[in-house]
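Okay, sequence plus prediction incoming.
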There are 2 protein chains.
Amino acid sequence: MRILITGGDGFCGWPTALYLSRRGHDIAVLDSGIRREWDRELGSDSLVPIASLDERTETWKTYAGGSFVAYHVDMRDYDGLARTVGEFGPDAIVHFAEQRSAPYSMIDRDHAVFTQTNNVVGTLNLLYVMKEIAPDCHLIKLGTMGEYGTPNIDIEEGYITISYKGRVDTLPYPKQPPSMYHLSKVHDSHNIMFACRTWRLRATDLNQGVVYGVQTEETRLDPRLANRMDYDQVFGTALNRFCVQAAASHPLTVYGAGGQTRGFINIQDTVRCIEIAALHPAEPGEFRVFNQFTEEFSVHDLAARVQAVAATMDIRAELRHVPNPRVESEQHYYHAAHTRLLELGLTPHLLRDATIREIIEMAQEHQTRIRLHTIMPTVTWA
Amino acid sequence: MRILITGGDGFCGWPTALYLSRRGHDIAVLDSGIRREWDRELGSDSLVPIASLDERTETWKTYAGGSFVAYHVDMRDYDGLARTVGEFGPDAIVHFAEQRSAPYSMIDRDHAVFTQTNNVVGTLNLLYVMKEIAPDCHLIKLGTMGEYGTPNIDIEEGYITISYKGRVDTLPYPKQPPSMYHLSKVHDSHNIMFACRTWRLRATDLNQGVVYGVQTEETRLDPRLANRMDYDQVFGTALNRFCVQAAASHPLTVYGAGGQTRGFINIQDTVRCIEIAALHPAEPGEFRVFNQFTEEFSVHDLAARVQAVAATMDIRAELRHVPNPRVESEQHYYHAAHTRLLELGLTPHLLRDATIREIIEMAQEHQTRIRLHTIMPTVTWA
């Protein structure tokens, strides 16, 4: 297949591009490079040094299973996006190219407005490009499990069948997103659903859980192919951040009581889920939603697990409950369906102690690069 | 009360400003004037000649019950908006200032992106202004019944209590908006709900039906106070457009089969609903939704009713089913709750033949201004 990966220079996009390329697909990566600018803005940096997109691309070409090309384009630039799609002619477009940090979106008004306009306009542009020049192309869009919030009933995959006052309908699952970022994803979902219904486009919305792990078989082939690793308060996510904290002898920072339960997924499964979605496209007019995670953990339990693995490595990791910078429930019901990707063939990598150990070891290897002052939360929802 | 009305130069905003002013409230109107620019862009114009905002404001001052002032500010200009709110110090902000036409949003990509960014960013700016300098102010936001789409179960007011797999929760009502414009309102609703939950702001979302009628007691006081009247394919809405078509001996254009059923409201009730919401504010942290309409009609039945009234005026109005430019169901279940405003004291003006006759007469009075070429639908959803 010919697959365009937008945001292909990022944490999920880059390993996905390499995985699909090695599996023989023709790959184009599109990226504006803005993720690297946010690091400069925030004074943060990937723990693992990463090569430029052009150097990565050149390095990869010797391993690629099909053609492999990179486009430096911003999704907000409709003409650039249309040119890229027209030139490459993808069968599927995997759309990662969004601002993906909840804390970044909550820094202030400017960052909230930027996040929503960047994400919504980028996706609108893509929908119009597809409508105009690639109506049969399959859109694979990265959403987030966070769109659902924490309802007191089971979370289903995108839709829920409601029996109400003697009548029945299957409707979009109600969303209660907990940040300006998560809101932008809900806006996207509504826009894409409309485009499928109205223009008969085909789309799969992947509501992904929190991704952990860093490298994949492909990114390990050469240091210039290494994937980025975020551990700062803005872009770092729960498990990876705890591992870096352990390696740095920094307390593991659990926000509030830590009862917040979320879905998690290994990055090795992320890349496989994308291929599964691509190989089994949605039908014309179909807006399909898969919940893309493999296990549920509470934040406290994850931290305790990292603490236990660290102990076997002679690291005494302290578990510290810090005031929750977010407005969210710290004890709540959580039960979310995630069967559709399994039905299509996903065999999950469940979280093993060896995985945690490996992430801690990677952090130890790059210990001198850890910027301790970027770890503690300063961005609050207040 | 001190009430700021954004979009106060528009079809709903202007009569609301006058009504509330006459009832003794201190009123500030904020408007960028952009609605009048869209007329120039589209080659359309209000059937009823309207004075400039400054002339309207000057004229009104002799009738005003409290202070009355106009600000020329665009909601996308955060600093201008913050200055206005800071200077005026409102108890309530009635937010009409959005691009409100579904066809306008569907003209092309530029108009879709404009509609969503204009509406979403304007509302985000307002939420941040309230958070920063007016946290106790009550936001009264104009939404639309169109947000709900046409589900096969009863439509409730903003929320629905769902019993599911042995558990129960009250969740935001699922939305299926039918245009880029309606989508922008759904995005707003999610953003406002988040702001109420997270920042303890107070808001009422008024999901308004299709508004008919033109003048109110106040706008009739002086020709310089007259309200605008839209009948073109882009900004004209069902009943008003049919009345102008009858007056112009133009066929009444029913889109498709005409079975599309919607909620309708007389503009005299719109202005009263706004005051009712203002006098009974939401609680801090509350995001409250009222469905603001009084009757349901199918488009075909409305056209037939206009045809019948026209016949009593010796006008032979032809009813013409034109290909539906929109992608929507033309036969569907529709039953929507609208009790909350009634409970707070609204006594509806239900649609009478006399009202239809009055609108037709107004159209006859300005018959020479009717631009026939702006009536037939050319903007399609395809």
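Structure received. Quick caveat, the model's predicted, so the values are computed rather than measured. Numbers count the residues shown, from 1 in each chain, chains lettered A, B, ... in the order given.

Quick check: phi and psi on the residue located most distally from the centre of chain A?
Computed with CA atoms, centre = their mean, the residue of chain A farthest from its C-alpha average is A:G166, at 39.6 Å. When quoted as degrees, to the nearest 10, the phi and psi of A:G166 stand at phi 80, psi 0.

next one: A:H95
Phi and psi for A:H95, reported as degrees, to the nearest 10, are phi -110, psi 100.

Tell me the confidence at A:H25?
Model confidence at A:H25, given as pLDDT, is 98.

Then the one 10 residues further on?
At A:R35 the predicted local confidence, pLDDT, stands at 98.

In a helix, it, correct?
Yes: counting by DSSP: H, G, I helix; E, B strand; the rest coil, A:R35 falls inside a helix.

Pretty sure it sits against A:D9.
Yes: A:R35 lies in contact with A:D9 (CB atoms under 8 Å); the separation is 6.6 Å. Every C-beta, even on glycine, is put in place using the N, C-alpha and C of the backbone.

which one of these two has more residues nearby?
Taking other CB atoms under 10 Å in any protein chain shown, A:R35 and A:D9 do not tie; A:D9 has more neighbours (27 against 21).

Does the more buried one touch A:G33 like I think?
Yes: contact criterion CB under 8 Å: A:D9 and A:G33 qualify, at 6.6 Å.

All the helices of the stretch 1-150 of chain A, residue numbers only.
Here the stretch 1-150 of chain A has its helices, by DSSP state H, counting those that start in this stretch, at A:13-22, A:34-42, A:53-60, A:78-88, A:102-105, A:109-133.

The shortest one - contacts with which helices or strands?
The one in question is helix A:102-105. If contacts are counted by 3 or more CB pairs under 8 Å, 6 or more residues apart in numbering or on different chains; DSSP states H and E, helix A:102-105 sits against helix A:109-133, helix A:180-199.

most tightly surrounded among those?
Mean neighbour count, computed with mean count of other CB atoms under 10 Å in any protein chain shown, is highest for helix A:180-199 among the helices and strands packed on helix A:102-105, reaching a mean of 24.

Kindly calculate the angle that that helix makes with helix B:180-199.
Taking axes from the mean of the first three to the mean of the last three CA atoms, to 10 degrees, helix A:180-199 and helix B:180-199 form an angle of 160 degrees between their directions.

what's the angle between helix A:180-199 and helix B:109-133?
Using the same axes, to 10 degrees, helix A:180-199 lies at 150 degrees relative to helix B:109-133.

Mind giving me the packing neighbours of helix A:180-199?
Against helix A:180-199 (3+ CB pairs under 8 Å, 6+ apart) you get helix A:102-105, helix A:109-133, strand A:138-144, strand A:167-172, strand A:202-208, strand A:287-292, helix B:109-133, helix B:180-199.

Other residues contacting the first one?
The set of residues external to helix A:102-105 that reach it, using CB atoms under 8 Å, 6 or more residues apart in numbering or on different chains, is A:38, A:42, A:99, A:111-112, A:115-116, A:146, A:178-182, A:184, A:233-235, A:325-326, A:377, A:379.

Go again with 10 Å.
Residues outside helix A:102-105 that contact it (CB atoms under 10 Å, 6 or more residues apart in numbering or on different chains): A:38, A:41-42, A:99, A:111-116, A:118-119, A:144, A:146, A:177-184, A:232-237, A:325-326, A:328, A:377-381.

what residue ranges in chain A score low on pLDDT?
For chain A, applying pLDDT under 70 flags no range at all.

could you measure the residue of the stretch 251-382 of chain A found nearest chain B against A:G256, distance?
The minimum distance from the stretch 251-382 of chain A to chain B, using CB to the nearest CB, falls at A:V327 (4.6 Å). For A:V327, the distance to A:G256 equals 10 Å [CB to CB, to the nearest Å].

picking up where we left off before, now render the helices of the stretch 1-150 of chain A as a markdown table, adding distance to B:I93.
Shown next, in a markdown table, are those (distance: least, CB to CB, whole Å):
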| stretch | distance to B:I93 |
| --- | --- |
| helix A:13-22 | 41 |
| helix A:34-42 | 32 |
| helix A:53-60 | 45 |
| helix A:78-88 | 34 |
| helix A:102-105 | 24 |
| helix A:109-133 | 17 |
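
Can you check which residues contact both of A:R35 and A:D9?
Contacts common to A:R35 and A:D9, judged by CB under 10 Å, 6+ apart, are A:A97, A:R228.

related to what we said a few turns ago, in CSV, list the helices and strands packed on helix A:102-105 along with distance to B:E295.
Output for the helices and strands packed on helix A:102-105, formatted as CSV (distance: least, CB to CB, whole Å):
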stretch, distance to B:E295
helix A:109-133, 35
helix A:180-199, 28
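
out of those helices, which comes closest to B:T84?
helix A:109-133 (16.0 Å; CB to CB).

so, in contact with chain B or not, the closest one?
Yes: contact of helix A:109-133 with chain B (CB under 10 Å from any CB of the partner chain) involves A:109-110, A:112-113, A:116-117, A:120-121, A:124-125, A:127-129, A:131-132.

quick one, that helix and strand A:138-144 angle?
160 degrees.

what's A:G259 in contact with, if anything?
Here A:G259 is in contact with A:S298, A:V299, A:H300, A:D301, A:S329, A:E330, A:Q331, A:H332, A:Y334 (CB under 10 Å, 6+ apart).

Is it in a helix, a strand, or coil?
coil.

separation between it and A:R320?
From A:G259 to A:R320 the distance is 16 Å (CB to CB).

do A:A92 as well
With CB to CB as the criterion, A:A92 and A:R320 are 44 Å apart.

more crowded one of those two?
Ranked by neighbour count (other CB under 10 Å), A:A92 and A:R320 place A:A92 first, with 24 against 13.

dump the residue contacts of that one.
A:1-5, A:20, A:25, A:137-140, A:202, A:204, A:274-275, A:277-279, A:281.

Kindly report the same for A:E296.
A:M145, A:G209, A:T261, A:R262, A:G263, A:F264, A:Y334, A:H335, A:A336, A:H338.

Now those in CSV, please, with extra columns for neighbour count and distance to chain B.
CSV is the format used below for the contacts of A:E296 (neighbours: other CB atoms under 10 Å in any protein chain shown; distance: CB to the nearest CB, whole Å):
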residue, neighbour count, distance to chain B
A:M145, 25, 16
A:G209, 24, 21
A:T261, 22, 15
A:R262, 20, 18
A:G263, 23, 18
A:F264, 24, 23
A:Y334, 20, 12
A:H335, 12, 9
A:A336, 20, 12
A:H338, 22, 16
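
Check the residues you listed and tell me the two furthest apart.
Longest span within the contacts of A:E296, CB to CB: A:F264 and A:H335, 14.7 Å.

How about A:G24, nearest residue that isn't a chain neighbour?
Among residues not flanking A:G24 along the chain, A:G65 sits closest, at 4.0 Å (CB to CB, 6 or more residues apart in numbering or on different chains).

Hmm, B:W199 and the residue of the stretch 251-382 of chain A closest to chain B touching each other?
Yes: counting by CB atoms under 10 Å, A:V327 touches B:W199, with 8.4 Å between them.

before we move on, back to that, just the buried ones from the contacts of A:A92?
Among the contacts of A:A92, those classed as buried by 16 or more other CB atoms under 10 Å in any protein chain shown are A:1-5, A:20, A:25, A:137-140, A:202, A:204, A:274-275, A:277-278, A:281.
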